[in-house]
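Engineer: output the structure for:
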Amino acid sequence: MFLRLLAEEVRAWDPALERGLALKRLAPHGNAKREPSATQVRRFVDEARVTGTLEHPSIVPVHHFGLDLRGRLYFTMQRVPGPTLAEVIELCGRRDAMWTLPRVVRALLAVCEAVAFAHDQGVIHRDIKPSNIKVGRLGEIYLLDWGVARRLDAVDIDAADTPTPDVEDGELERDDGLRTASGVIVGTPAFMAPEQALEMSPPYPRTDIYSLGAVLYRVLSGEPPHGSDGKDASKTLERLLEGPRPSLLERAPHADAELVSICEHAMARAPSVRCADARDLAQDPHAWLDGRVVRAHASGALAEFGKWTRRKLLRGLDLSSDCA
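Structural biologist: This next block holds a predicted model:
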């Protein structure tokens, strides 16, 4: 059964500073207008606190936290106009002149750096996906929706929650969970690491690494690894648990070989095979953008010489390419 955090985000206006804000609040849900459970309240408070403590250029700051006039919990954040990365990927796939593959990879690199910062602070996001990444008007990149983020030293509250009977068995959004015998799986199955779905261990950095690789998979192939974005979540979860995802080379035979290698390394089914952390993962897309050796694809003196030669030959040329 799906379990939805009863939160809504609306636009707000700060008259003192004359600026627009995004306001997120807890509210009754469904026809019965039930109040949020204690666990949902704790998750909401945790999201505000976690987001408020992660001071990074690619994490939207929290301005204020409190109760509104109706006694509902809320917090306000900077409003970020602009498309999500999901929309950007669609533009890139349609050969939009503004969104070349290198620019999309550059956006994903910024997300890697934000995730690396969060991991340094002991925070795991647990729901990295294109629709949770926003591109600002000036090209700023933001990783949003920390509603199911987990501190490594925190007590697990997921298993303590109770199912909500009338929630529809449909899309698994950023703050939904899928109830199992042992608790609640949080995240989005289309971009979720296998061990996160299996509840094999508490979340740790390599679960986010897999999701970052899954976003790159979406960039290169045009679709998520195990199903459509967030739809038919139960079936997607089944495919994730059944075995390896469809080969990226099968879905996107013309994709850049080095980016494919980065993706495959990040999405290794065994967590121990993946990059140790997001900062380590970021080195390869950074190298790809700079025309240097991508470690996940090749290494050694011959690879270094080949890259050096290529940089010399292609200097000054337009190196942009297209998404799937």
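Engineer: avg pLDDT for stretch 98-113?
Structural biologist: The average pLDDT within stretch 98-113 is 95.
Engineer: would you map the helices across this protein?
Structural biologist: Here the chain has its helices, by DSSP state H, at 38-53, 85-93, 101-120, 194-198, 205-221, 233-242, 248-251, 257-266, 278-290, 301-314.
Engineer: can you list contacts of the third one?
Structural biologist: It stands for helix 101-120. Applying CB atoms under 8 Å, 6 or more residues apart in numbering, the contact partners of helix 101-120 are 54, 56-59, 85, 88-89, 92, 124-125, 128, 133, 135, 141-143, 149, 205, 208, 212, 215-216, 219, 256, 259, 277-279, 281-282, 285-286, 288-289, 319-323. C-betas here are computed from N, CA, C, even on glycine.
Engineer: picking up where we left off before, which one of the helices of the chain lies nearest to Leu73?
Structural biologist: helix 38-53 (5.7 Å; CB to CB).
Engineer: angle of the closest one against helix 101-120?
Structural biologist: 110 degrees (axes from the mean of the first three to the mean of the last three CA atoms, to 10 degrees).
Engineer: and helix 38-53, what's buried?
Structural biologist: By 16 or more other CB atoms under 10 Å, the buried positions in helix 38-53 come out as 39-40, 43-44, 46-52.
Engineer: rank the helices of the chain by pLDDT, which is bottom?
Structural biologist: helix 301-314 (a mean of 50).
Engineer: which residues does Met98 contact?
Structural biologist: Leu91.
Engineer: still on that earlier bit, now the helices of the chain in JSON lines, with distance to Phe65?
Structural biologist: Formatted as JSON lines, the helices of the chain follow (distance: least, CB to CB, whole Å):
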{"stretch": "helix 38-53", "distance to Phe65": "5"}
{"stretch": "helix 85-93", "distance to Phe65": "27"}
{"stretch": "helix 101-120", "distance to Phe65": "19"}
{"stretch": "helix 194-198", "distance to Phe65": "28"}
{"stretch": "helix 205-221", "distance to Phe65": "25"}
{"stretch": "helix 233-242", "distance to Phe65": "30"}
{"stretch": "helix 248-251", "distance to Phe65": "42"}
{"stretch": "helix 257-266", "distance to Phe65": "34"}
{"stretch": "helix 278-290", "distance to Phe65": "27"}
{"stretch": "helix 301-314", "distance to Phe65": "49"}
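Engineer: how close does the closest residue to Glu9 other than its chain neighbours sit to Gly139?
Structural biologist: Nearest residue to Glu9 in three dimensions, chain neighbours excluded: Lys24, at 4.7 Å (CB to CB, 6 or more residues apart in numbering). Lys24 sits at a distance of 24 Å from Gly139 (criterion: CB to CB, to the nearest Å).
Engineer: could you check how far the nearest residue to His63 once chain neighbours are set aside is from Arg25?
Structural biologist: With CB to CB, 6+ apart as the criterion, His63 has its nearest non-adjacent residue at 4.7 Å, and that residue is Thr76. Thr76 sits 9 Å away from Arg25, going by CB to CB.
Engineer: pull the number of nearby residues for Ala197.
Structural biologist: Applying other CB atoms under 10 Å, we find 20 residues neighbouring Ala197.
Engineer: how about the contacts made by the closest residue to it other than its chain neighbours?
Structural biologist: For Ala197, ignoring the flanking residues on the chain, the nearest one in space by CB to CB, 6+ apart is Leu240 at 5.4 Å. When contacts are counted by CB under 8 Å, 6+ apart, Leu240 touches 189, 192, 194, 197, 226.
Engineer: before we move on, what about Leu237?
Structural biologist: Leu237 sits in contact with 178, 185, 189, 192, 197, where contact means CB under 8 Å, 6+ apart.
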